[in-house]
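**Student:** For reference, the sequence and a predicted model appear below.
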Amino acid sequence: MLEARSLTKRYTTTTAVDDVSFTVKPYEVLGYLGPNGSGKSTTVNVITALLEPTRGEVLFEGRSIQSQLIEYKRRLGYVPEQAHLYPHLTGREYLQLVGRLRGLAKKSLDRKIDDLLQLFSLGAARHSPIASYSKGMRQKVLISAALLHNPDILVFDEPLSGLDVTTGLVFRDLVKSLAREGKIILYSSHVLEVVEKVCTHVMILRKGRIAANDTVEALRNLMHLPSLEDIFSELVLEQDTETTANSIVEVMKSA
Amino acid sequence: MNQPDLSQLGALVRHFFGRFFDNEFVAQNTEIQVTVTKMLALLASPGIILPFLRYTTYLGLDAMPPEMRYPMLWSDRCLYLSFSMLVMGAVTVIEWDALFPDRRDYATLMSLPIHSRTIFLGKVGALALFLIAFTASVNLVSTVTFPAVSYRGAWPGLVWTMAAHAISILASSAFAFLFLVALEGLLLNILSVRWFRKTSAYVQGAMVFVLLWLFLLFPNIASSVAQLKAQNSWVLRAFPPAWFLGMNEVLTGSKDAVFVALAHRAEIALALVLLVAGLSYTVAYRRHVRRTLESTEGGDATRNAMHERIGLVADRVAPDSVERGTLAFIGKTMARSAKHRLFLAAYAGVGFALAAQVMPAVRNRDAWLSLPLVVGFFLLSGMRFIFTIPSELPANWQFRVSDTNRQRAALNGTRTAMLWFGVLPLFLALSPFYFVWWSPGVALANLAFSVTISALLIETLTMELRKIPFTCSYPPGKANVTILWVGYWVGFLLYAFSMANLESWMVKRPRRLIPFYLLVAILFGGFEWWRRRADAVGVSLIFDDAADPAVLTLGLGEIAWTTTATSRPDPSVRRPSSSRVSRVE
């Protein structure tokens, strides 16, 4: 089980995440939602141990991840929001680098890389430098890199960014399959329809604090609203979207 | 024909000019203005310092006869002209990729309602501004101070001397700049995109070597201008700064036949490079626009034999997967990153340039033994330096999240890379040199000695390394350059020349090699002990190297802190768990 306990992250003048707690068990997919600047990425960075919290802690199987950092990182797969990759390496070389850093045996690593690249339709581009890849292709490399070592915890931060429709559908089913395999999955996204379909639980963040944390069904019943989009709008949106859109058009038309 | 929109043109010139300082060499994750200011201050300093150093000598100019007075001024002026040309050449080589607009420029500009001719003129304007601004920044002070301290005569003459100095400096810089623009333009016209990319890397490396070689050569020629002029030597006719010295002298009224001929040569050379640069740039620009938009970024998709070999080397020589991963990453980054390759070429270029300067005069065969050591020293120091410069820093997250407890294996990969990608190719290339000069047995003994010494140098250079190469931030100005270079220089002299003497002494009596290799074994044991000691304490890799604070303190407070504040934060401040919040609001 992965547990965030009273996580708070303060930067010099701002509090990005304020007293956030949640748990994700094996077979569960926790959808992590919130508008821009709500603290989603900061939480993800703390969960992946890239940032240390100002207060609170992250526990994995009941122990603080800081006390078992290496073991925790070994069992973690992460797809970051920004596709920061080494552009001078080819897709295959990048996956080789990741596999080697994770200590995977050469034979199985090479086989896994080739299989994943084929399945993600990157076979033809495997010897091209990542610099020439489209955003979607880079995203596929990131997803492959996160799966190479068969991790127990998967953290997806905007994983659908740039993916085409087919791959998006494949990815949706992939998340469900991974959950069935007993993986612990944290899924941070803006795409509410997908979150609604693949996540067993949803947590909505607003200005660094939890606005809601429950199953989609329970939230629908609690708030008497038909969809996750309506729940999200009710909890998070502070503005009338149509009025804002009209105002933008007015500004555009002004001399 | 429509006139270009002047406001658009002005904005484009500013944009393209800014891009010269917004590349991987200059910006380096810091504020552009700070980097550029530091760079210009460094480049301008010789021009400021030299007039002050020569001031007392110039005070005695009046007492000197003309045959002594003028040669001294010619030498100094030639030095200024050489420096100006070399600086402009070096800066242009660094900006090689920015001489033409790149894909990012086109992606931004082509969707805007700007005529392509305006973009072209904007780029040309930025190039002209770059030439003038850099030349002025580097030479402005010396243009005033040098004539001011050296000229003897009335005010109007002084002003004209300053103007002539400025014109000849600008002309010499323009020659160096336009020569390189013309070279790039010609390459773009002749080669395909793929071959241009490949060739560019080698041309840049070759130019770095040539410039460093000339940097060491020019002062020697500049100090001998008077003798060379008296002999009407071909060296002067082949020495571009002398052409512009001739231009300066003719501008200030000299009717000397040698200077008139040199000035004529300067005019022809300048006109020629201007013509070739203008034509090749204009034609190449048209092709470049189309090819940049049509080509894929980052190179071709075919498997490259050299890169395959890097992978094979990594598989064979590194049994540990982390070491193998680091080794392959280092090899591929060195092979493909233009920035790192250029810095490495600069270091190796210094080694080769020093060797090219010193060695031809050496008649003693054994003294040549220092040649591989000189080049090896600079190559390995260069590798150690480029390891600290990040490649795509934000991508280091992968190293951080896959952090294993085998940091030592990652650091071993660095040492293995220096050996396999630095020392072994170098000595493989230099091995004919050994076998031509010595009998096979002696050549092998010398070769083994040099490789062993280089391996020891690798151990020394990587003793304190706590970074996976290319993955840690590099705060510019962190190193104390003055102390660093003094240390390097002393280390270099000891290493290259003392070791060559030792090598020569030992190889003559091979039994002397036995205690040497015994000592080497002890030293390697010592390095291993050092590493194990560090591992016992706990090695943690650094990914974020903080810059030194603006004010350095004695750090006494920090010592007190490390002895008392090692415990973790007080757990009592933790809040109780509340894992499920149905609805907060």
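**Tutor:** Received, thanks.
**Student:** make it CA atoms for all contacts and neighbour counts henceforth
**Tutor:** OK.
**Student:** Helices along the stretch 1-150 of chain A, start to end?
**Tutor:** A:40-47, A:69-74, A:91-101, A:106-119, A:135-147 (DSSP state H, counting those that start in this stretch).
**Student:** contacts for the first one?
**Tutor:** By Cα atoms under 8 Å, 6 or more residues apart in numbering or on different chains, the surrounding residues in contact with helix A:40-47 are A:4, A:7, A:9, A:16-17, A:32-34, A:51-53, A:58, A:81, A:155, A:157, A:188, A:205, A:208.
**Student:** one step back: deepest in the core, which of the helices of the stretch 1-150 of chain A is it.
**Tutor:** helix A:91-101 (a mean of 25; mean count of other Cα atoms under 10 Å in any protein chain shown).
**Student:** got the CA coordinates for it in PDB?
**Tutor:** Below are the C-alpha coordinates for helix A:91-101, written out as PDB (Å, rounded to 0.1, in the frame of the first residue of the first chain):
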ATOM      1  CA  GLY A  91      14.500   5.500 -28.500                       C
ATOM      2  CA  ARG A  92      16.100   2.100 -28.200                       C
ATOM      3  CA  GLU A  93      19.300   3.500 -26.600                       C
ATOM      4  CA  TYR A  94      17.300   5.400 -24.100                       C
ATOM      5  CA  LEU A  95      15.400   2.300 -23.000                       C
ATOM      6  CA  GLN A  96      18.700   0.400 -22.900                       C
ATOM      7  CA  LEU A  97      20.100   3.100 -20.600                       C
ATOM      8  CA  VAL A  98      17.100   3.000 -18.300                       C
ATOM      9  CA  GLY A  99      17.200  -0.900 -18.200                       C
ATOM     10  CA  ARG A 100      20.900  -0.900 -17.400                       C
ATOM     11  CA  LEU A 101      20.500   1.700 -14.700                       C
END
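**Student:** Packing partners of it?
**Tutor:** With contacts defined as 3 or more Cα pairs under 8 Å, 6 or more residues apart in numbering or on different chains; DSSP states H and E, helix A:91-101 has these neighbours: helix A:106-119, helix A:135-147, helix B:321-336, helix B:397-401.
**Student:** do you know how far the residue of the stretch 151-255 of chain A found nearest chain B is from residue B:91?
**Tutor:** Per Cα to the nearest Cα, residue A:212 is where the stretch 151-255 of chain A lies closest to chain B, at 4.7 Å. Counting by Cα to Cα, to the nearest Å, the separation of residue A:212 from residue B:91 is 57 Å.
**Student:** Could you check which of those two is surrounded by more residues?
**Tutor:** residue A:212 (23 against 16; other Cα atoms under 10 Å in any protein chain shown).
**Student:** so the more buried one, which of the three states?
**Tutor:** strand (DSSP: H, G, I helix; E, B strand; the rest coil).
**Student:** didn't it look like it was pressed against residue A:206?
**Tutor:** No - applying Cα atoms under 8 Å, one finds residue A:212 not in contact with residue A:206, separated by 9.1 Å.
**Student:** burial measure for residue B:154, as a count.
**Tutor:** Considering only other Cα under 10 Å, residue B:154 is surrounded by 8 other residues.
**Student:** Surely residue A:185 is in a strand?
**Tutor:** Yes - the assignment for residue A:185 is a strand, going by three-state DSSP.
**Student:** and it, what is it in contact with?
**Tutor:** A:24, A:26, A:27, A:28, A:29, A:30, A:153, A:154, A:155, A:156, A:179.
**Student:** Show the pLDDT at residue B:31.
**Tutor:** With respect to pLDDT, residue B:31 scores 51.
**Student:** Next: residue B:134.
**Tutor:** 86.
**Student:** which non-adjacent residue is nearest it?
**Tutor:** Ranked by Cα to Cα, 6 or more residues apart in numbering or on different chains and with sequence neighbours excluded, the top spatial neighbour of residue B:134 is residue B:88, at 7.6 Å.
**Student:** Does that neighbour touch residue B:172 like I think?
**Tutor:** No - Residue B:88 is beyond contact range of residue B:172, at 9.1 Å (criterion: Cα under 8 Å).
**Student:** which of the two has more neighbours?
**Tutor:** Taking other Cα under 10 Å, residue B:88 and residue B:172 do not tie; residue B:172 has more neighbours (29 against 25).
**Student:** how much space between that one and residue B:246?
**Tutor:** Distance from residue B:172 to residue B:246, by Cα to Cα: 11 Å.
**Student:** do residue B:417 as well
**Tutor:** Residue B:417 is 50 Å from residue B:246, by Cα to Cα.
**Student:** So between the two, which is more surrounded?
**Tutor:** Comparing residue B:417 with residue B:246 by other Cα under 10 Å, the one with more neighbours is residue B:246, at 28 against 25.
**Student:** now the helix or strand hosting that one: mean pLDDT?
**Tutor:** In the assignment (DSSP states H and E), residue B:246 maps to helix B:240-251. Taken as a whole, helix B:240-251 carries a mean pLDDT of 93.
**Student:** what distance separates stretch B:138-149 from the centre of its chain?
**Tutor:** Put simply, stretch B:138-149 sits 27 Å off its chain's centre (Cα atoms, centre = their mean, to the nearest Å).
**Student:** who's in contact with residue 235?
**Tutor:** This is for chain A. By Cα under 8 Å, 6+ apart, the neighbours of residue A:235 are residue A:211.
**Student:** think we crossed wires, I meant chain B
**Tutor:** residue B:228.
**Student:** Show me what residue of the stretch 101-250 of chain A gets nearest to chain B.
**Tutor:** For the stretch 101-250 of chain A, Cα to the nearest Cα, closest residue to chain B: residue A:128, 4.1 Å.
**Student:** Quick check: that residue vs residue A:89, distance?
**Tutor:** 8 Å.
**Student:** quick one, which of those two is more surrounded?
**Tutor:** residue A:128 (25 against 21).
**Student:** Per-residue pLDDT of the more buried one, please?
**Tutor:** Residue A:128 is given a pLDDT of 88.
**Student:** how about the residues of the stretch 1-150 of chain A near chain B?
**Tutor:** A:3-6, A:21-23, A:48-50, A:55-56, A:70, A:73-74, A:84-89, A:96-98, A:100-106, A:125, A:127-132 (Cα under 8 Å from any Cα of the partner chain).
**Student:** Buried members of these into PyMOL, please.
**Tutor:** Restricted to buried positions by 16 or more other Cα atoms under 10 Å in any protein chain shown, the PyMOL selection for the residues of the stretch 1-150 of chain A next to chain B reads:
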select buried, chain A and resi 3+4+5+6+21+22+23+48+49+55+56+70+73+74+84+85+86+87+88+89+96+97+98+100+101+102+103+104+125+127+128+129+130+131+132
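**Student:** from the residues of the stretch 1-150 of chain A next to chain B, which ones fall inside strands?
**Tutor:** Using DSSP state E, the members of the residues of the stretch 1-150 of chain A next to chain B that fall within strands are A:3, A:4, A:5, A:6, A:21, A:22, A:23, A:55, A:56.
**Student:** May I ask which two of these are separated the most?
**Tutor:** The two members of these with the most space between them (Cα to Cα) are A:23 and A:55, at 17.0 Å.
**Student:** measure the residue of the stretch 101-250 of chain A closest to chain B to residue A:92 for me?
**Tutor:** From residue A:128 to residue A:92 the distance is 9 Å (Cα to Cα).
**Student:** Flag the shaky bits of chain A, pLDDT-wise.
**Tutor:** By pLDDT under 70, the weakly predicted segments of chain A are A:237-239.
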